[in-house]
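In: got a predicted model here, sequence first, then my questions.
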Amino acid sequence: MGNTSLIFVGIFACLVSIASATAGIATFYTSYVPSACYGNKPQGNMIAAAGDALWNNGAVCGKMFTVTCTGPRNPVPHPCTGKSVTVKIVDHCPGCPSTIDLSREAFATIADPVAGIINIDYKQYE
């Protein structure tokens, strides 16, 4: 391969890694105010709390993530709706069993709330 080909392959690999999603776990919560990022100022219903893996001392506050259900984590069969949802990180969920703790409304968009906990793919929305 020439240098031009190597440069193209390197650029392509970077683009693929940027576009790919990260596997994680989602749960949901129902009390949205106060939040760690915005105090008593409501941020709507399409929101989420970051688990410890994403929190990064609050650096993730206000960031938008697209989340898609990829399958069950418990005996509830076929919880996924086939849709994705974009949420804003407004809170921290310390010690949560999930990567992202979605609002109930956001969770219900992508999965049956009866499942309670699901496997997801997520990526920061840019």
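Out: Ah, there it is. Numbering: from 1, shown residues only.
In: excluding chain neighbours, what is closest to Ala115?
Out: In space, and not counting its chain neighbours, Ala115 is closest to Pro79: 3.6 Å by C-beta to C-beta, 6 or more residues apart in numbering. (Each C-beta comes from the backbone N, C-alpha and C, glycine too.)
In: what's the spacing between that neighbour and Gln43?
Out: 26 Å (C-beta to C-beta, to the nearest Å).
In: ok, the two, which is more surrounded?
Out: Pro79 (21 against 18; other C-beta atoms under 10 Å).
In: quick check: that one touching Ile117?
Out: No - assessed by C-beta atoms under 8 Å, Pro79 is found out of contact with Ile117, at 9.2 Å.
In: mind listing the strands for this protein?
Out: 22-29, 47-51, 64-72, 84-93, 100-103, 118-124 (DSSP state E).
In: out of those, nearest to Ala36?
Out: Nearest of the strands of the chain to Ala36, taken as C-beta to C-beta: strand 84-93 at 4.3 Å.
In: neighbouring strands - and their directions - for that closest one?
Out: Sheet pairing of strand 84-93 (DSSP bridges) gives strand 47-51 (parallel), strand 64-72 (antiparallel).
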